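Novice: sequence unknown, structure follows:
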């Protein structure tokens, strides 16, 4: 049984690692697509220097809203972030529509989310020893259930056989019509 566990365990590790890798790849691809769309939208409407300032201020606004308004819902956080960013950009002489500003703050949020997911994904991966122990436990539990099932099935079969052996066999009567005399040659 131990050999089976040792044989299956690397395959299970490989499968789990592959699944996590595929999920992270899809998540990062989606975030990258959103980031590219936001950049393209901003590129069409501002200069490079202004975009850099807008993104920095949007990042500050997001950080302020995230830390100051922890217990408040997302809509209120966005309003506060928009208000802060709008005031800061107006002070610097940059005029940006509220939609553009909201897009920049959303981008800062998505970047933050991508960074925290990457950190959580690397922290959430269990060590190889923990994974091996869990796999061994699962296989051991499965083997114990299989042994119980086989023991129960064997007991039922042996009870059925011993019951049949104890009853006397009934003679099987031959039908009279089907008996034929041997043909003479």
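Specialist: Good, I have the coordinates. The structure displayed is predicted, hence computed values, not measured ones. Numbers count the residues shown, from 1 in each chain.
Novice: what helices or strands is the helix ranked longest in the chain leaning on?
Specialist: Determined from DSSP state H, the single longest helix within the chain is helix 2-43. Judged by 3 or more Cβ pairs under 8 Å, 6 or more residues apart in numbering; DSSP states H and E, helix 2-43 is in contact with helix 48-68, helix 98-124, helix 128-166. In short, each C-beta sits where N, CA and C put it, glycine included.
Novice: avg pLDDT for the last one?
Specialist: Mean per-residue pLDDT for helix 128-166: 65.
Novice: pLDDT of stretch 26-34, averaged?
Specialist: So the average pLDDT for stretch 26-34 ends up being 89.
Novice: circling back to that earlier point, report the angle between the longest helix of the chain and helix 98-124.
Specialist: Inter-element angle recorded for helix 2-43 and helix 98-124: 160 degrees (by axes from the mean of the first three to the mean of the last three Cα atoms, to 10 degrees).
Novice: now for residue 22, how many residues are close by?
Specialist: Counted with other Cβ atoms under 10 Å, the neighbours of residue 22 add up to 10.
Novice: residue contacts, it?
Specialist: Neighbouring residues of residue 22 by Cβ atoms under 8 Å, 6 or more residues apart in numbering: there are none.
Novice: state the distance from it to residue 15.
Specialist: Per Cβ to Cβ, to the nearest Å, residue 22 is found 11 Å from residue 15.
Novice: cool, and residue 98?
Specialist: Going from residue 98 to residue 15 by Cβ to Cβ gives 47 Å.
Novice: what does residue 109 give?
Specialist: Distance of residue 109 to residue 15, given as Cβ to Cβ: 33 Å.
Novice: also residue 5?
Specialist: Taken as Cβ to Cβ, the span from residue 5 to residue 15 is 15 Å.
Novice: which one of these two has more residues nearby?
Specialist: When residue 5 and residue 15 are compared for neighbours, residue 5 comes out ahead with 18 against 10, by other Cβ under 10 Å.
Novice: I'd guessed the more buried one sits against residue 140; true?
Specialist: Yes. Between residue 5 and residue 140 there is a contact under Cβ atoms under 8 Å: 7.5 Å.
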